[in-house]
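Colleague: predicted model and sequence follow; I will ask about them next.
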Amino acid sequence: MVCLVRCEDIVSRISTGNSVSGTNPSLLEVMIAKKRIIDHDNHFNTEACGRFAHYFSKSADVSDLVASIEQNQEGSSHHRRNAYERTAAYSWEHVAEEYHNLFKGDSEVARARFETEARVSRKSQL
């Protein structure tokens, strides 16, 4: 019998390496699984993980980052637990509540929020 196991089930850290687009569902899966996160430093990833991930800007930085993490294991479980707790902001319930609040609120406030978020999104894609 052949047994197939997802990569996320056997490794202790994951790098999604995504430098463009929106929040990556696989990143949320890793956060929920409480894995150590090594990820590209961009608006979407830092918004999702905050300070509870290890970030790199270019591929040449990855090996030094991994070596640094291996030498300093303290705080690792704290990072993983806090990254897990941040996933609540991406639950369907929370997203639906945010949209509900946006649409029921003052239309001027809603419009300003939408325009600000659109501007931030466009800047991060450049």
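Modeller: Arrived safely.
Colleague: where do the strands sit along the protein?
Modeller: 13-14, 36-40, 54-56 (DSSP state E).
Colleague: any idea how far I38 is from the residue nearest to the spatial centre of the chain?
Modeller: For the chain, A48 is the residue whose C-alpha lies nearest the centre (CA atoms, centre = their mean; 3.3 Å). For A48, the distance to I38 under the criterion CB to CB, to the nearest Å works out to 14 Å. Every C-beta, even on glycine, is put in place using the N, C-alpha and C of the backbone.
Colleague: what's the answer for R122, then?
Modeller: Here R122 is placed at a distance of 27 Å from I38 (CB to CB).
Colleague: repeat that for V120.
Modeller: 24 Å.
Colleague: more neighbours: those two, which one.
Modeller: With neighbours defined as other CB atoms under 10 Å, V120 and I38 compare such that I38 has more, 19 against 12.
Colleague: touching, that one and H54? I think so.
Modeller: Yes: applying CB atoms under 8 Å as the test, I38 and H54 come out as touching, 4.8 Å apart.
Colleague: what is in contact with these two at once?
Modeller: With CB atoms under 8 Å, 6 or more residues apart in numbering applied, the overlap between the contact sets of I38 and H54 consists of 65, 69.
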